[in-house]
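*Asks:* I'd like to go over a predicted model; first the sequence, then the structure.
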Amino acid sequence: MVRRNGFTLLEMLVVLAIIATLAMLAMPGYLQPTKRVEATQAGACLLELASRLERYRLIEADYEGFAIDTAGVACEGRLADRYRFEAGIPGETGWGAITTDPVAWQLRVIPLDADAGMGGYGDCRALVVRDDGRRAVMTGTGGGVVTDPDQVRRCWR
């Protein structure tokens, strides 16, 4: 009787199937913290944009005409393929790339992936920062704004 060393094709396929299954089970555990880190970076970038907007007001004497795309914030460019940064007026629903009000503003960051949710939570659609320093979260259902500090903290650690 001849002994052969090595693996049969069937044994190799079984091992590959087990490895693929383990990798598939491990992937969500890897992606969840990665999404949280990106959401935290997007929140920090939003605060940096707010700081640039305040400096813009010091130079131009009002907030009107501040363009997010040309603000010179490096993080906005790095996150542009995953997040959208927008400006608006407190109390109004319109959002755009340029501030339109000379005395009031609000900025928001929203993920481009509609299913992502901020920080991995489905009820945390966008983070909003206002000219009075308040932060809020826009929910995924109906775009309502929630200013509860606990929910903001939960969404944006």
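*Replies:* Structure's in. What do you need? Here the structure is a predicted model, which is why all the values come from computation and not from measurement.
*Asks:* Just the element for the residue nearest the centre of the chain, please.
*Replies:* With distances taken as Cα atoms, centre = their mean, Ala39 lies nearest the centre of the chain, 4.0 Å away. Element membership for Ala39 (DSSP states H and E) is helix 9-60.
*Asks:* What's the mean pLDDT across that helix?
*Replies:* The pLDDT scores in helix 9-60 average 90.
*Asks:* And the next helix or strand past it?
*Replies:* With secondary structure assigned by DSSP H and E, helix 9-60 is succeeded by helix 74-79.
*Asks:* could you say what helices and strands that next one packs with?
*Replies:* With contacts taken as 3 or more Cβ pairs under 8 Å, 6 or more residues apart in numbering; DSSP states H and E, helix 74-79 sits against helix 9-60. For glycine as for every other residue, the C-beta is placed from the backbone atoms N, C-alpha and C.
*Asks:* Please tell me I have it right and the residue nearest to the centre of the chain contacts Trp156.
*Replies:* Yes: the pair Ala39 and Trp156 passes the contact test of Cβ atoms under 8 Å, sitting 6.6 Å apart.
*Asks:* how about stretch 43-54: buried residues?
*Replies:* 43, 45-46, 49-50, 52-53 (16 or more other Cβ atoms under 10 Å).
*Asks:* Extract the C-alpha set from that stretch and format it as CSV.
*Replies:* The C-alpha coordinates for stretch 43-54 follow below in CSV (Å, rounded to 0.1, in the frame of the first residue of the first chain):
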residue,chain,number,x,y,z
GLY,A,43,-18.3,65.2,13.9
ALA,A,44,-14.9,66.7,14.6
CYS,A,45,-14.7,68.0,11.0
LEU,A,46,-18.0,69.6,11.5
LEU,A,47,-16.7,71.5,14.5
GLU,A,48,-13.7,72.5,12.5
LEU,A,49,-15.9,73.9,9.8
ALA,A,50,-17.9,75.8,12.4
SER,A,51,-14.6,77.3,13.6
ARG,A,52,-13.7,78.3,10.1
LEU,A,53,-17.1,79.9,9.6
GLU,A,54,-16.6,82.0,12.7
